[in-house]
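Asks: Quick check, what structure comes out for this input:
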Amino acid sequence: MKSLKNAVSDTPNLEAVIERLERAELWTVALASASALVAFLVILPMFWLVWQATTVELSRAYELIVSSQTARITANSIGLMLFVTVFSIVLGVPLAVLTTRTDLPYPRFWTVVAALPLVIPSYIGAIAFTGMFGSGGEVDSLLGVSVPRVDGLSGAIFIITLYTYPYVFLTTRAALLSMDSSLADAARTLNAGPFEAFRRVTLPQIRPGIAAGALLAGLYAISDFGTPAFMQASVFTSRIYWEFSSFNVEYAALLALQLIAIVAIVLVIEAGIGRDEDASGGAKTGSTIRLGIWKWPAMGFVSALGAVTLVVPVAIFTSWLFRSEGDPIPSLEFQWEFAFNSMHLALLAALVACAFALPVAYYSGRTNSVVSRILERATYVGFAVPGVVIGLALVFLGTRTLPSLYREGVLLLVFAYVVRFLPQAVGTVRSSVLQVDEKTLEAARTLNAGPIETFRRVTLPAIMPGVIAGGVLVFLTTMKELPVTLMLQPVGMDTLVSIIWDAQDALAYRYAAVPALLLILISGLSMLVLLRQEGGKIS
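Replies: Numbering: from 1, shown residues only. Below you'll find the model as predicted:
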């Protein structure tokens with residue numbers, strides 16, 4: 001009889017538990033549905049690109065794919081990617097060793113100098129160097145003698161390497177800092193020289209870090225649009241844009257699919273290279289390599305690299321501020337409206353990206369199911385695909401199915417930015433979600449707070465720093481995006497990057513000075529955000 005009374009008295013509690021479970025289940029279904037919708041929207045442009053390519057007649061498609069022009073574009077693009085990757089490793093790995101394993105004076109300062117080229121978009125460096133040292137550039141005109149050309153495919157390799165080697169430097173440096181360096185000392189005690197110890201002990205452990213940085217450098221090289229375009233290098237990205245501008249959309253679509261295929265192959269190769277060894281063997285610190293007299297050439301090398309990548313472009317653009325020769329071009333005169341347009345578009349993209357990222361990041365961070373991981377990874381498609389391909393895909397989507405939206409311009413352009421940079425917001429928000437204490441959420445549930453109320457009052461305030469950081473990253477990278485802006489921006493809505501493009505196209509470099517310097521400043525702010533995300537520590 002007593003147990004029956006207890007069962008009856010427990011019935012309300014049981015009903016409350018069942019109600020909470022039902023609400024939680026509905027909440028999970030809603031999150032999954034929202035995440036699926038976001039993933040579908042992100043990959044939708046790629047489906048339209050494939051559809052456009054399939055509309056080409058088979059004989060015509062074969063003729064375009066095997067043409068000599070396509071073969072040259074493919075060879076140039078692969079060569080650009082390979083050379084940039086190799087040269088980035090050649091620069092990045094020694095610099096990482098210098099700043100972590102040697103007695104180089106002021107290692108924190110040299111670390112910042114070696115990493116700062118990431119502050120400048122490569123196309124900004126390209127326009128500075130081509131304006132000064134390219135064919136018909138100022139040095140050529142002033143000296144009247146033959147100087148090494150900084151243009152064409154070789155010039156693109158040179159410039160992109162200068163601004164992508166920090167990827168290898170930073171990832172290799174992180175691997176070196178996390179590995180047990182005393183293992184190299186053990187090898188030295190077995191009569192192995194420093195180079196032999198590095199090759200046989202250190203290199204296998206830091207290979208995943210090198211591979212990760214090399215992947216970033218290679219993908220950046222093959223997906224970069226501005227630098228090859230400014231240097232007149234015929235590669236996939238620049239060719240796709242020119243074919244698109246010439247209304248040869250069939251060929252542009254086929255080239256875009258080939259470019260995507262190459263990117264996919266690179267990702268598969270990297271997955272098999274960087275998984276062998278684990279560099280996190282411990283925190284033991286081995287002996288420091290003493291440079292002796294070689295520390296002076298080492299500091300000179302890092303200083304020269306910093307001067308070429310940072311000081312020279314800033315100095316060139318600053319000097320162009322005071323130039324006034326030639327007839328004025330009113331349409332290229334700097335107006336603060338250009339900066340306002342860039343900031344307006346970037347702000348919209350950041351807000352939409354954060355709104356899209358919230359359900360995906362929360363669902364992935366809280367459930368960790370196969371479905372959630374697949375949906376999260378689907379949002380990374382746009383980040384892996386070059387911007388010129390996304391722009392082309394959305395042009396197809398807009399003109400064929402949503403002409404009114406395409407004519408409006410702003411909404412489609414903002415959507416393109418979101419597709420391109422959504423992973424930046426998803427990654428930072430998900431990291432914040434994973435740090436929320438599960439016990440705190442459970443305490444809210446015991447107080448009969450539903451999933452929505454728990455999210456609003458507990459989770460959202462806790463993850464807001466990650467949301468803000470993700471939004472800032474999307475804002476800053478959107479400000480610098482070139483191909484998507486050129487292909488989708490509304491008529492008459494000029495931005496900083498479009499003015500830089502028009503100034504370069506007209507060979508009126510002085511009009512690119514103010515927009516370029518503003519973008520360098522904006523890129524510097526992005527570096528500060530990244531450092532803040534890592535706690536601002538440079539060991």
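Asks: Setting aside sequence neighbours, what's the nearest residue to Gly131?
Replies: Tyr509 (4.2 Å; Cβ to Cβ, 6 or more residues apart in numbering). (C-beta placed from N, C-alpha, C; glycine too.)
Asks: likewise Val360?
Replies: Closest residue in space to Val360, ignoring its immediate chain neighbours: Ser35 at 4.7 Å, by Cβ to Cβ, 6+ apart.
Asks: same question, Met464
Replies: In space, Met464 is closest to Ser432, 8.0 Å off (Cβ to Cβ, 6+ apart).
Asks: Just the buried residues of whatever helix or strand the one you found lives in, please?
Replies: Secondary-structure assignment from DSSP states H and E places Ser432 in helix 410-434. For helix 410-434, burial by neighbour count (16 or more other Cβ atoms under 10 Å) applies to 410-433.
Asks: any idea of the mean pLDDT in that helix?
Replies: What helix 410-434 shows for mean pLDDT is 84.
Asks: Report all helices and strands that that helix contacts.
Replies: Counting contacts by 3 or more Cβ pairs under 8 Å, 6 or more residues apart in numbering; DSSP states H and E, helix 410-434 packs against helix 2-54, helix 336-367, helix 381-384, helix 387-400, helix 403-408, helix 460-480, helix 483-488.
Asks: Out of the ones you listed, flag the one nearest Ala264.
Replies: The minimum distance between Ala264 and these falls on helix 381-384, with 8.4 Å, by Cβ to Cβ.
Asks: The residue nearest to Gly131: neighbouring residues, count only.
Replies: Look at Tyr509: counted by other Cβ atoms under 10 Å, it has 23 neighbours.
Asks: so who does it touch?
Replies: Applying Cβ atoms under 8 Å, 6 or more residues apart in numbering to Tyr509 gives the contacts 127, 131, 320, 503.
Asks: Gly155 reaches Phe230, doesn't it?
Replies: No: counting by Cβ atoms under 8 Å, Gly155 does not reach Phe230; the two are 9.0 Å apart.
Asks: Those two: which has the busier surroundings?
Replies: Neighbours per residue (other Cβ under 10 Å) separate Gly155 from Phe230, with Phe230 holding more: 29 against 24.
Asks: Show the pLDDT at the nearest residue in space to that one that is not next to it in sequence.
Replies: Nearest-residue entry for Phe230: Ala126, 4.3 Å, with adjacent residues in sequence omitted and distances by Cβ to Cβ, 6+ apart. Per-residue confidence (pLDDT) for Ala126: 87.
Asks: got it, and Ala513?
Replies: Note on Ala513: pLDDT of 87.
Asks: tell me the contacts of the residue lying closest to it once chain neighbours are set aside?
Replies: Nearest non-adjacent residue to Ala513, counting by Cβ to Cβ, 6+ apart: Trp320, 4.1 Å away. Neighbouring residues of Trp320 by Cβ under 8 Å, 6+ apart: 131, 509-510, 512-513.
Asks: try it again with 10 Å
Replies: By Cβ atoms under 10 Å, 6 or more residues apart in numbering, the residues touching Trp320 are 127-128, 131-132, 138, 503, 508-514, 516-517.
Asks: The spatially most central residue of the chain: what's its closest spatial neighbour, skipping adjacent residues?
Replies: Centre of the chain computed as the mean C-alpha position; nearest residue by Cα atoms, centre = their mean is Phe383, 6.9 Å away. Closest residue to Phe383 apart from its sequence neighbours, by Cβ to Cβ, 6+ apart: Pro423 at 4.4 Å.
Asks: quick one: that neighbour and Ala361, what's the gap?
Replies: Using Cβ to Cβ, to the nearest Å, Pro423 is found at 10 Å from Ala361.
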